[in-house]
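1. When you get a sec, could you give me coordinates for this:
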Amino acid sequence: MRILLFSGKGGVGKTSLAAATGLKLAQLGYRTLVMSIDPAHSLGDSFDLDTDLFHSQTSDPLSINDGLSILELNIQKEVKRHWQEISSYVTSVLRTTGISDVEAEELAILPGMEELSAMMYINQYRRENRYDVVVLDAAPTAESMRFISMPTTLDWYMKHIFPFQRNLLKAVRPIANRVAPFELPPDSYFGNIRDLFEKLEGVGEIMEDPNTTSVRLITNPEKMVLRETQRAFVYFSLHGLTVDTVIVNRVLPSDVSDRWFSEWHSSQDSIIRELEEYFAPVPVRRVPLFAHEVLGQQRLQDLAKVLYSEAEDPSAVTRTEKPYTFEKRNGAYEVRLLLPFATKSEIGLFKKGDELVVEVGTLRRHIGLPRSMATLVPVRARLESRVLTVELKEAQ
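-> This is a model prediction of the structure:
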């Protein structure tokens with residue numbers, strides 16, 4: 001099963017591009033699911049479905065055509081399906097504070113529940129071999145980062161905190177429940193957590209396997225959006241995911257020649273050049289601004305024709321090598337870059353702000369550094385086996 005994750009700043013057009021990709025894949029004969037993991041769902045709206053305001057029909061996979069279904073996670077339903085013991089306990093605690101039943105049930109929806117539910121479905125569909133491709137319409141960048149970090153975070157909790165917490169409460173629960181203003185969580189609460197963890201087993205490896213999962217970053221040709229796209233690229237790399245395409249959406253067509261748009265043309269051309277320089281060798285695609293709203297199947301199919309050539313397969317694995325990785329070895333931080341055609345004499349590097357700039361001949365690559373490395377300075381570099389390793393340390 002292939003997973004294509006569409007991510008980017010809110011409002012850049014992720015949903016439309018994910019939906020168009022789903023239609024293209026179904027047209028090629030793939031069993032395809034487009035799943036929205038954004039709490040502010042608009043996937044059903046993009047297909048212009050004649051449904052109720054909150055699209056209750058799409059809380060389970062809804063067939064759009066013979067090969068395509070869509071799913072918008074409904075956290076209320078997911079709580080009843082997967083989080084009943086946890087939610088019931090949190091609700092009972094909140095009720096002791098005087099909060100009404102309805103308010104308590106709303107507040108019992110904890111951060112991360114939606115992301116973990118999506119991960120469970122990905123794992124379930126992979127095990128069942130239900131779909132050939134799952135296209136994820138992700139939330140804006142910050143929430144996407146939480147989504148992809150969930151398996152690692154939960155794995156750490158289960159290994160280091162869960163056993164101690166469960167055993168401790170098992171020992172003190174009989175006494176504590178007599179004197180505490182509310183009851184401690186029952187053992188079934190921890191059983192629910194254990195069951196959920198088992199449903200997620202292996203999903204972290206799936207997300208980090210470039211032969212299974214690819215990230216498509218969506219951006220607009222605007223500097224503010226570009227900066228967030230650069231940060232997202234760094235974060236996905238840091239979490240071990242491979243970005244195989246950057247899509248620049250809503251580019252002004254060249255035949256828009258009104259003088260009012262002249263500065264927009266100049267600005268967009270400059271930003272796109274910067275994008276192509278920054279993300280090379282990851283391909284950058286351009287999608288023009290349409291003269292109308294992209295809404296409904298026909299217009300989404302028109303968008304797919306612009307985004308992909310007739311014979312192109314959006315699910316094809318085009319990149320398996322990460323552009324760069326960040327590591328910490330023996331107390332020193334390293335940035336490792338694959339430079340298959342470079343020689344030592346052609347390479348130059350320097351640090352500019354929170355970026356490491358690497359020059360190879362006439363080419364230049366900007367590498368945004370994570371916060372933990374942003375204040376460090378490069379102290380040495382080596383080129384071995386086609387990999388450039390740059391070591392960074394605190395400035396002396």
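2. C-alpha only now, for contacts and for neighbours.
-> Fine.
3. Does K170 touch D187 like I think?
-> Yes - the criterion here is C-alpha atoms under 8 Å, and K170 meets it with D187 at 7.3 Å.
4. what residue is smack in the middle of this structure?
-> By C-alpha atoms, centre = their mean, the chain has its centre lying nearest to S144, at 4.0 Å.
5. And for stretch 353-369, what's in contact with it?
-> 230-231, 234, 277-280, 342, 346-351, 374-375 (C-alpha atoms under 8 Å, 6 or more residues apart in numbering).
6. go again using 6 Å as the cut-off
-> Residues outside stretch 353-369 that contact it (C-alpha atoms under 6 Å, 6 or more residues apart in numbering): 278, 346-351, 374.
7. And that stretch, end to end?
-> With C-alpha to C-alpha, to the nearest Å as the measure, stretch 353-369 spans 9 Å from end to end.
8. Next, the residue nearest to the centre of the chain: phi, psi?
-> Here is the backbone geometry of S144 (degrees, to the nearest 10): phi -60, psi -40.
9. what's the neighbour count on the residue lying closest to Q268 once chain neighbours are set aside?
-> Nearest-residue entry for Q268: P221, 5.1 Å, with adjacent residues in sequence omitted and distances by C-alpha to C-alpha, 6 or more residues apart in numbering. For P221, the neighbour count with other C-alpha atoms under 10 Å is 26.
10. swap in K159?
-> Neighbourhood size, K159 [other C-alpha under 10 Å]: 10.
11. Surely it is in a helix?
-> Yes - per DSSP: H, G, I helix; E, B strand; the rest coil, K159 lies within a helix segment.
12. For it, give me the pLDDT.
-> Looking at K159, its pLDDT stands at 83.
13. Same question for I70.
-> 97.
14. So K393 versus N220, what's the distance?
-> K393 is 35 Å from N220, by C-alpha to C-alpha.
15. what does V387 give?
-> To N220, V387 is 32 Å away according to C-alpha to C-alpha.
16. Can you tell me how far the residue nearest to Q268 is from P140?
-> According to C-alpha to C-alpha, P221 stands 17 Å off from P140.
17. phi, psi of V335?
-> According to degrees, to the nearest 10, V335 has phi -110, psi 130.
18. same check, this time on N123
-> Phi and psi for N123, reported as degrees, to the nearest 10, are phi -70, psi -40.
19. Could you pull up the residues touching it?
-> So N123 contacts V203 (C-alpha under 6 Å, 6+ apart).
20. More neighbours: which of V387 and N220?
-> Set side by side, V387 and N220 show more neighbours around N220, with 24 against 15, by other C-alpha under 10 Å.
21. average model confidence for stretch 88-96?
-> In this model, stretch 88-96 carries a mean pLDDT of 72.
22. what's the spacing between it and its chain's center?
-> 32 Å (C-alpha atoms, centre = their mean, to the nearest Å).
23. In that stretch, which residues are buried?
-> Under the neighbour-count criterion of 16 or more other C-alpha atoms under 10 Å, stretch 88-96 has 88-95 buried.
24. what residue ranges in the stretch 101-250 of the chain score low on pLDDT?
-> 107-111, 238 (pLDDT under 70).
25. Do a quick rundown of the helices in it.
-> Applying DSSP state H, counting those that start in this stretch to the stretch 101-250 of the chain gives helices spanning 101-107, 113-128, 141-160, 162-179, 187-200, 203-208, 223-238.
26. Could you dump the ones you listed into a markdown table with distance to Y308 added?
-> Formatted as a markdown table, the helices of the stretch 101-250 of the chain follow (distance: least, C-alpha to C-alpha, whole Å):
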| stretch | distance to Y308 |
| --- | --- |
| helix 101-107 | 42 |
| helix 113-128 | 25 |
| helix 141-160 | 24 |
| helix 162-179 | 47 |
| helix 187-200 | 33 |
| helix 203-208 | 24 |
| helix 223-238 | 22 |
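27. Alright, calling it a day.
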